[in-house]
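A.B. asks: okay, sequence plus prediction incoming.
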Amino acid sequence: MKLYSTNLKAEEVSFETALINGLAPDKGLYMPKELPVFSKDELVSLKDGSYPEIAFQILKNVLKGEIDEESLKSIVYDAYNYEVPLEEIDENTYIMRLDQGPTASFKDFAARMMARLMQYYLSKENKSLTILTATSGDTGSAVAHAFYGLDNIRVIVLFPETEVSDRQRKQMTTLNKNISAIAIDGKFDDCQAMVKQAFADEDLKPFNLSSANSINIGRLVPQSLYYFYSYLKLRNFPDEVIFSIPSGNFGNMMGCLLAKKMGLPVKKILSSVNDNDEVPKFLNTGEYHKIEPSRNSLSNAMNVGHPSNLARLITLYGGEMDESGTINKMPDMDSLKNDVISISVTDEETKATVKEFYDERNILIEPHGAVGIKGLMDYREKTGDNTFAITLETAHPAKFPAEVEAIIGVEPEPSQNLLDIESKEEKMDHIDTDYAKFKKYLKEKLG
Ligand SMILES: *Cc1c(COP(=O)(O)O)cnc(C)c1O
C-alpha cells in the first residue's frame, strides 16, 4: 500500500510511515494510491461474520504486505470487542448505532485501531512515544481510551477545566496507568496553544511527542469498515444503498467513499452538516469559503468551519486543495456532486427530528444522529428516491443528557460504559496557562 500526499509535493510512503508521521512533509494529507476492489460475490461471502471477522477480511487486503495477518487479526479482535447494532426505522431505512464503544461515540472505531497499529509498529522497532493532545471533550476521551493499557505509548490529555461536562472529564480522569489528564485553568484554545508550543520546543524533542490527530490515515481506513458490515448484515444485499452521515471534519464520510472505491455499492453519500454550511455552499456554487470562527450548534462535535478532510475529498475527484483551504485545481464537480450531497440542518430542525422520532416512533437519537436523519428525509422528499438507506448515529444519546432531556423531557438512560465510569476514582493534575510550568511538568513526567 503506497500513499501519496494531497499536496502532491511529497514522496510516496508506506502505511507505517504515514501512520507514525501523521502529516506529510509538504503539509498535505496522506491518501492510499490504490485500494483492493471486492466483487459483490466476494462481499456477500462474508455475510455471516462477526464485526471483527468482516473488518479483518477487508483490512487484510487493504494492508497486504504492511502487517502480518496473525498480528492484524489479534489487533482487530482486540479493538472491536463491542456491538454494532442496526435498528429498523422502516423496511427501507436503518440506523447504524456506532455508540457502543468505550467512550460512546463513533470515534472509538478509528482511535482504537490507530492506537493498536501504532503500538504494533513501535514495538517491532523497540521505540516508544508520547501522545500529547488538547481536547474540548470528545476527541481526548476517545484517544485516551484507545491507547489505555498499551505498552510503548503514553498519553497526556489537556482539557479546559470548566468547559467539559462531568461525564467527559470522568472519561479522561478515571483511567490512569499510561494516561495522564491535566485540567487547565483556561479555555480550549489555551490547551491547544500549549500543545502546539510543546511540539515546536527543541528541548522536548528527545521525548518523541506525537499528536495522533484526526487527519491520520490510521483513523480513516478503519472508518470504512462499518459500511461493509452494515450492508452485509441487512438481509437482501440491495444493488444500491444510500448512506446518510452527519459530518463535521468529513472523516466519517471519507471512510464511506473509500468503501465505495473498494466495491461497496454506494449510490449516494448524504453528508449533512449543522449551521456550518461551507460544504453545501461549495457544492452548490463551486466556490469554497471557510467559516471563521466556526458557528456554535447543538451538534457541537460537528462545529467545523473548515473540514480537515476536504483536501482528501477534492483529491479523489482530481482536484487539489492546499493546507490553507485554497483550491489550486478544481475537482470534477459533476461526478463529485453525483456521489455526494450535503445539506445544512438548523438546530430547530435537529430538535424537531429528535422529538418526532422519540414521540412518534419510540426511537431515541441525539443531535448529531438527528442531523443525518433529517438530511435523509429531506433528500427523499426532494427527489422521491426511496433507495434502501442506512443513517448513522454517531454518539450515544446519554453523552448529551442535558441537550436530549431539554428536547424530549426525559433524561436518556446511560449505557453500561458510561455508568461504569460514574463510580470510578478521578485523578488529574492541575496547571494554569503558563507554558513554563507545563514544560517543567512534562520534563518531570517523561524524564
Ligand atoms: C466527530 C463527530 C462527528 C463528525 O465526524 P467527522 O468525521 O468529523 O465528520 C459527528 N458526530 C459525533 C458524535 C462526533 O463526535
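C.D. replies: Received the coordinates, thanks.
A.B. asks: residue nearest the centroid of the chain?
C.D. replies: The residue lying closest to the centre of the chain (CA atoms, centre = their mean) is residue 107, at 4.3 Å.
A.B. asks: for the stretch 51-200 of the chain, list the residues in contact with the ligand, please.
C.D. replies: 105, 107, 138 (CB under 6 Å from any ligand atom). Where you see a C-beta, it was placed from the backbone N, CA and C, and this is true even at glycine.
A.B. asks: what sits against the residue nearest to the centre of the chain?
C.D. replies: Shown in contact with residue 107 (CB atoms under 8 Å, 6 or more residues apart in numbering): 138, 139, 142.
A.B. asks: pull the number of nearby residues for the closest residue to residue 116 other than its chain neighbours.
C.D. replies: Leaving aside its sequence neighbours, residue 116 sits nearest to residue 75 (CB to CB, 6 or more residues apart in numbering; 4.4 Å). Residues near residue 75, counting by other CB atoms under 10 Å, number 22.
A.B. asks: relative to residue 410, which of the residues of the stretch 51-200 of the chain next to the ligand is nearest.
C.D. replies: Proximity of these to residue 410 (CB to CB) peaks at residue 105, which lies at 21.4 Å.
A.B. asks: next one: the residue nearest to that closest one when sequence neighbours are not counted from the ligand, what distance?
C.D. replies: The shortest distance from residue 105 to any non-neighbouring residue, by CB to CB, 6+ apart, is to residue 395 (4.4 Å). For residue 395, the distance to the ligand equals 3 Å [CB to the nearest ligand atom, to the nearest Å].
A.B. asks: okay, helices next: where are they in the stretch 301-447 of the chain?
C.D. replies: Here the stretch 301-447 of the chain has its helices, by DSSP state H, counting those that start in this stretch, at 310-316, 333-339, 347-361, 367-383, 401-408, 416-422, 435-446.
A.B. asks: tabulate the CA atom coordinates of the longest strand anywhere in the chain in CSV.
C.D. replies: When the chain is parsed with DSSP state E, its longest strand is strand 153-160. Extracted as CSV, the C-alpha positions of strand 153-160 are listed here (Å, rounded to 0.1, in the frame of the first residue of the first chain):
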residue,chain,number,x,y,z
ILE,A,153,2.8,4.7,24.4
ARG,A,154,2.0,7.3,27.0
VAL,A,155,-0.9,9.8,26.6
ILE,A,156,-1.2,13.2,28.1
VAL,A,157,-4.5,15.0,27.6
LEU,A,158,-5.0,18.7,28.3
PHE,A,159,-8.6,19.8,28.8
PRO,A,160,-10.2,23.2,29.9
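A.B. asks: could you dump the residues of the stretch 51-200 of the chain next to the ligand to CSV with secondary structure and distance to residue 340?
C.D. replies: Output for those, formatted as CSV (DSSP: H, G, I helix; E, B strand; the rest coil; distance: CB to CB, whole Å):
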residue, secondary structure, distance to residue 340
105, strand, 23
107, helix, 21
138, helix, 24
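A.B. asks: closest to residue 222 out of those?
C.D. replies: The closest of these, once distances to residue 222 are taken by CB to CB, is residue 107, at 10.5 Å.
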